[in-house]
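K.L.:
output the structure for:
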Amino acid sequence: MDEPGGWRHMGTAPKDGSRILVTVRSSEQGPAEVDLAYWARADQFGIEGWRAVDSHPGQVIAYAEPELKCWMPLPKADAGESAAAEMPAPWQGIDAEELYGSGI
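P.N.:
Reported below is the predicted structural model:
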């Protein structure tokens, strides 16, 4: 998983508020997907943790630690590229921290 420029273990994700791509684990709500997230300190809208970038005050989309499988930095903008980079596919590998059971 720890490839340069590729998916990395969540334990190494930056918790400085910078935006990163994350693989959200598959669940009863749907298959694994990629989202843009950041680490947020506790404030009036929620506790400390991972939040989706598109969260709005009062409408916080938060992820519990076990929901996120891995992360990667955002791709660098390249002045020579006219089209936006495509979102990478979620990481589908098996890791040592897979959830046990369905949680139902």
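
K.L.:
where's the residue most central in space within the chain, which helix or strand?
P.N.:
The chain has Val22 as the residue nearest its centroid, 2.1 Å off, counting by C-alpha atoms, centre = their mean. Assigning secondary structure by DSSP states H and E places Val22 in strand 20-24.

K.L.:
could you check the angle strand 20-24 makes with the very next helix or strand once past that strand?
P.N.:
Counting by DSSP H and E, the next helix or strand C-terminal to strand 20-24 is strand 33-40. Angle, strand 33-40 to strand 20-24, by axes from the mean of the first three to the mean of the last three C-alpha atoms, to 10 degrees: 120 degrees.

K.L.:
residues of strand 33-40 that come out buried?
P.N.:
34-35, 37-40 (16 or more other C-beta atoms under 10 Å). C-beta coordinates here come from the backbone N, C-alpha and C atoms, glycine included.

K.L.:
just the CA trace of that strand, in CSV.
P.N.:
The C-alpha coordinates for strand 33-40 follow below in CSV (Å, rounded to 0.1, in the frame of the first residue of the first chain):
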residue,chain,number,x,y,z
GLU,A,33,-15.3,5.1,-2.4
VAL,A,34,-12.8,7.9,-2.5
ASP,A,35,-13.5,11.2,-0.7
LEU,A,36,-11.7,14.4,0.0
ALA,A,37,-11.2,14.9,3.7
TYR,A,38,-9.2,16.8,6.4
TRP,A,39,-8.5,16.4,10.1
ALA,A,40,-10.5,18.9,12.2
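
K.L.:
return the list of strands paired to that strand, each annotated with direction.
P.N.:
strand 20-24 (antiparallel), strand 49-52 (antiparallel) (DSSP bridges).

K.L.:
buried deepest among these, which one?
P.N.:
Mean neighbour count (mean count of other C-beta atoms under 10 Å) peaks for strand 20-24 among the strands paired with strand 33-40, with a mean of 21.

K.L.:
quick check: mean pLDDT of it?
P.N.:
Averaging pLDDT along strand 20-24 gives 95.

K.L.:
where does the chain dip in pLDDT?
P.N.:
For the chain, applying pLDDT under 70 flags the ranges 1-5, 45, 78-85, 95-104.
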